[in-house]
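1. Here is my input, please return the structure:
(chains A and B)
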Amino acid sequence: DQQVKQNSPSLSVQEGRISILNCDYTNSMFDYFLWYKKYPAEGPTFLISISSIKDKNEDGRFTVFLNKSAKHLSLHIVPSQPGDSAVYFCAATPRNYGQNFVFGPGTRLSVLP
Amino acid sequence: GAVVSQHPSWVICKSGTSVKIECRSLDFQATTMFWYRQFPKQSLMLMATSNEGSKATYEQGVEKDKFLINHASLTLSTLTVTSAHPEDSSFYICSARRPLAGSYEQYFGPGTRLTVT
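-> The predicted structure is shown next:
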């Protein structure tokens, strides 16, 4: 049973437009969430995170929104750039569980020029 | 940001041999390192949590005798795939947690592609 779900395996967006990547979770013990970006044959790189005490965190072109009641978070990238094309993983962790991350299956974003 | 390296980046070995993969935190001391495995077009699956100076904690379904983990120092953890078989071919990624108060980020290595023939 997947505790972290990313129901869109892929997403295509035009350059300059907004990319919205979604993530849902089932474990109510999760209270810290992260987004990682991964290029083929490379390790994931950290993008942005959000604690459950917040509902929004912004860093440059990246904004993460958290809706705790819906157990849903989303990553907004605006404006999208071709270099953003990668696989994006949502990860979640319960604060008191050794910081083990549970990763979603990923969404492949393609930003078209 | 913090740097984590892995060596080798790519290895081919024959079935039945053992392969060692190193994970190093280059600019910080990591009391905890994690080993993940990623199959093509799938997510990262946590294999084990490696704590410096103690035995690794393996996830359910991961054979500890097959995937030997040693975290001998605060900057080095190794994963040894023993008696490798073709089904062990995968992308292995390590990560290290920076021991800062309130920090939950994990810094990932670049990964090691293992192909067992």
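
2. was I right about B:Lys14 contacting B:Thr115?
-> No. In this structure B:Lys14 lies outside contact range of B:Thr115 using Cβ atoms under 8 Å: 10.3 Å. C-beta here means a position set from N, CA and C on the backbone, and glycine is covered the same way.

3. So which of the two has more stuff around it?
-> B:Thr115 (13 against 8; other Cβ atoms under 10 Å in any protein chain shown).

4. Next, the contact list for that one, please.
-> B:Thr115 is in contact with B:10-13, B:89, counting by Cβ atoms under 8 Å, 6 or more residues apart in numbering or on different chains.

5. what's the closest of those residues to B:Leu26?
-> Using Cβ to Cβ, B:Trp10 comes nearest to B:Leu26 of the contacts of B:Thr115, at 19.6 Å.

6. before we move on, what SS does the residue nearest to the closest one when sequence neighbours are not counted have?
-> In this structure, B:Trp10 finds its nearest non-sequential neighbour in B:Arg113, 4.6 Å apart by Cβ to Cβ, 6 or more residues apart in numbering or on different chains. Using DSSP: H, G, I helix; E, B strand; the rest coil, the structure places B:Arg113 in strand.

7. and what of A:Leu66?
-> Look at A:Leu66: counting by three-state DSSP, its state is strand.

8. how much space is there between B:Thr49 and chain A?
-> 6 Å (Cβ to the nearest Cβ, to the nearest Å).

9. Setting the sequence-adjacent residues aside, check what's closest to that residue.
-> B:Thr49 sits nearest to B:Thr57 (Cβ to Cβ, 6+ apart), 4.6 Å away.

10. got the contact list for the closest residue to B:Lys14 other than its chain neighbours?
-> Once flanking residues are discounted, B:Lys14 sits nearest to B:Thr117: 5.8 Å by Cβ to Cβ, 6+ apart. Counting by Cβ under 8 Å, 6+ apart, B:Thr117 touches B:12-15, B:86.

11. Run through the residues that contact the residue in chain A positioned nearest to chain B.
-> When scored by Cβ to the nearest Cβ, chain A has A:Gly43 as its residue closest to chain B, at 3.6 Å. Counting by Cβ under 8 Å, 6+ apart, A:Gly43 touches B:4, B:6, B:93, B:95, B:108-111.

12. and if you look at B:Glu22?
-> Going by Cβ under 8 Å, 6+ apart, B:Glu22 touches B:6-7, B:76-78.

13. can you rerun that using 7 Å?
-> By Cβ atoms under 7 Å, 6 or more residues apart in numbering or on different chains, the contact list for B:Glu22 reads B:6-7, B:76, B:78.

14. Return the subset of those lying in strands.
-> B:6-7, B:76, B:78 (DSSP state E).

15. Now render these as CSV, adding pLDDT, distance to A:Gln2 and neighbour count.
-> Below are the ones in strands among the contacts of B:Glu22 laid out as CSV (pLDDT from 0 to 100; distance: Cβ to Cβ, whole Å; neighbours: other Cβ atoms under 10 Å in any protein chain shown):
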residue, pLDDT, distance to A:Gln2, neighbour count
B:Gln6, 95, 27, 19
B:His7, 95, 32, 14
B:Leu76, 93, 33, 16
B:Thr78, 95, 30, 19
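
16. out of these, which one sits closest to chain A?
-> Proximity of those to chain A (Cβ to the nearest Cβ) peaks at B:Gln6, which lies at 7.6 Å.

17. Figure out how far whichever strand or helix holds A:Ser49 is from the centre of its chain.
-> Assignment of secondary structure by DSSP states H and E places A:Ser49 within strand A:45-51. Relative to the chain's own centre, strand A:45-51 is displaced by 8 Å; criterion: Cα atoms, centre = their mean, to the nearest Å.
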